[in-house]
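Asks: Here you go, sequence then predicted model.
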There are 2 protein chains.
Amino acid sequence: MNVAFQGEIGAYSEEAVLALYPDANVVPQVSFDSVFECTEAGEVERAVIPIENSLFGSVHVNYDLLSRHELHIVGEWYLRIQHHLLSIPGSSMEKIRRVYSHPQAIGQCQDFLKRYLPHAEAISSYDTAGAAKMVAERQDQSLAAIASHRASLEYGLSILQSGIESNHQNFTRFLALKKLDPSGILPDGLPAPEREEAEMKTSIMYAVKDNVPGALFKSLAVFALRDLDLFKIESRPLIGRPGSYIFYLDFKGTTHDEPVKKAIAHLDEITVDLSVLGSYPQAVIA
Amino acid sequence: MNVAFQGEIGAYSEEAVLALYPDANVVPQVSFDSVFECTEAGEVERAVIPIENSLFGSVHVNYDLLSRHELHIVGEWYLRIQHHLLSIPGSSMEKIRRVYSHPQAIGQCQDFLKRYLPHAEAISSYDTAGAAKMVAERQDQSLAAIASHRASLEYGLSILQSGIESNHQNFTRFLALKKLDPSGILPDGLPAPEREEAEMKTSIMYAVKDNVPGALFKSLAVFALRDLDLFKIESRPLIGRPGSYIFYLDFKGTTHDEPVKKAIAHLDEITVDLSVLGSYPQAVIA
């Protein structure tokens, strides 16, 4: 199966792809936009994207892409983000003068860099894995990259120091996406779950009608009245429309369940721009 | 009034300080921890911290610091984040070989860098304003910084290109914090608002008792039943405790209002670790 992700071979997203689809043929893409586009065009069977991080919140830009594209969520995965300092075999901490990585990874390792490599320059790359690849190609013992364990294996680099991120409770939640063919759409228009497991969840997005007091509470009543437990709720203010919000909601159950169908129909009466993003097996933070 | 913020003179946080307190004596700090510590120690009268961004979600690390320190929220501000490419007078786009900035700012300007400065290296600094300062000191026309308009004024740099961030709907919400003296605490233990304006909001954090079905819904009923409108709601999963969440809530009203007092007392019955973070005048996204 061909699975698209944003980044290069050895990126954290590639780890998430292989956790979800161990036999995948991984298809690197330069941007999230191109990940969505090639999946919608049928060039790959699946896409895997990051949607939220335990330290930095939701990736709103990917929710925006979900709302604009005809893809549905068919799975999720929580990946622990562990950064390592990599260099070519034979190098050591004292030799390092320049450290390459994605800006966010550099940010997450600033305490380590400040303390142990105060005289090294931290230089931004477009990708953690791309930084590792470049360090491997240049064969210079004064260069290091901050990247994943997988990148060290892929590019033949040694780990000078492992787990250099400041906060070890750093998890990113990834979603697996698929373009549904007509057989994947239920008669009522809802996306069918691709497979059923014991613990399932459904993700939706919606807005509430402007200036309706208690509109959010009413929209949640739709679930509470049917004993459908919530896993995630988040409001996001709409820029340029004070007082208007988008809501992200994850709840227990699938679009095959009668109470879920009824809750969604009920929600449609009292909200606007309701999108049912998909039903899929629930993952746990390992 | 002395006001602490994280970063150097010319940082975006300093802009937020001066928007909230135009006559402030700004007190730069190296970390968010030190911002909280010097405010709690009474070395400054106020602190200003970022709490959420329109593209990257909530700054969970600052919610964690709020829950661990005896500071209360007394104000908020939405700052539009606009990045500029700065260099010394006499330089130009063609001369730039190295671009310095905070990793997050570099990330937000990657489209611009890729397109217009494909051969320049992007190098991480600990601070956007620190990068501007360094570029001003080195007096080398091949160096540029990505930083704020304020930093260009502070360090005498020219703007080579303004508004180079990929997404122009980039706003950061800042909070103003204060250590309350006993006169700022109401008889019922709640923090009093520092001042009253027409539109006020109150921020709280809490957890719900584990494994109580519909616990979130019940906690929101406390507000809905009293017609207290919500401005923000966000669940955050607790790592290592599957099924447990912290909730962030902003709602209309202040701790002086009878319905708010009753809602909080009611909430205390059905939640755990309830923190009332403060009541303050509501800002709008400009």
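Replies: Ah, there it is.

Asks: Which positions in the stretch 1-150 of chain A make contact with chain B?
Replies: A:52, A:54-61, A:102-104, A:106-107, A:110, A:114, A:121-124, A:126 (Cβ under 8 Å from any Cβ of the partner chain). Quick note: C-beta positions are derived from backbone N, CA and C, even for glycine.

Asks: and if we set it to 10 Å?
Replies: A:30-31, A:52-61, A:64, A:78, A:80, A:98-111, A:113-114, A:121-126 (Cβ under 10 Å from any Cβ of the partner chain).

Asks: what about burial for those, which qualify?
Replies: A:52-60, A:64, A:78, A:80, A:98-110, A:113, A:121-126 (16 or more other Cβ atoms under 10 Å in any protein chain shown).

Asks: Inside strands: which ones of the residues of the stretch 1-150 of chain A next to chain B?
Replies: A:52-53, A:57-58, A:78, A:80, A:98-101, A:121-124 (DSSP state E).

Asks: which one in those residues is the model shakiest on?
Replies: Lowest pLDDT among those: residue A:124, with 78.

Asks: Okay, that residue and residue B:173: tell me how far apart.
Replies: To residue B:173, residue A:124 is 26 Å away according to Cβ to Cβ, to the nearest Å.

Asks: cool, residue A:109 as well?
Replies: Distance of residue A:109 to residue B:173, computed by Cβ to Cβ: 26 Å.

Asks: go on, residue A:10?
Replies: Distance, residue A:10 to residue B:173, by Cβ to Cβ: 35 Å.

Asks: More neighbours: these two, which one.
Replies: residue A:10 (28 against 20; other Cβ atoms under 10 Å in any protein chain shown).

Asks: Show me what the spatially most central residue of chain A is bridged to.
Replies: The centroid of chain A falls nearest to residue A:50 when counting by Cα atoms, centre = their mean (1.1 Å). With DSSP bridges as the criterion, residue A:50 is bridged to residue A:174.

Asks: can you tell me the residue of chain A closest to chain B?
Replies: residue A:57 (2.2 Å; Cβ to the nearest Cβ).

Asks: so that residue makes contact with residue B:237?
Replies: No - with contacts counted by Cβ atoms under 10 Å, residue A:57 stays clear of residue B:237, the gap being 11.8 Å.

Asks: quick one, helices of the stretch 101-250 of chain A?
Replies: Remark: helices assigned in the stretch 101-250 of chain A by DSSP state H, counting those that start in this stretch are A:103-108, A:110-116, A:128-138, A:149-155, A:215-224.

Asks: helices and strands around the first one, which ones?
Replies: What that stands for is helix A:103-108. strand A:98-101, strand A:121-124, helix A:128-138, strand A:143-147, helix B:103-108, strand B:121-124 (3 or more Cβ pairs under 10 Å, 6 or more residues apart in numbering or on different chains; DSSP states H and E).

Asks: Direction included, what does the fourth one pair up with?
Replies: Taking DSSP bridges as the criterion, strand A:143-147 sits next to strand A:84-87 (antiparallel), strand A:98-101 (parallel) in its sheet.

Asks: Where in chain A is the helix or strand with the lowest mean pLDDT?
Replies: The weakest-scoring helix or strand in chain A, judged by mean pLDDT, DSSP states H and E, is helix A:103-108 (a mean of 81).

Asks: what stretches of chain A score poorly on pLDDT?
Replies: A:210-213, A:286 (pLDDT under 70).

Asks: separation between residue A:202 and residue A:241?
Replies: Distance from residue A:202 to residue A:241, by Cβ to Cβ: 27 Å.
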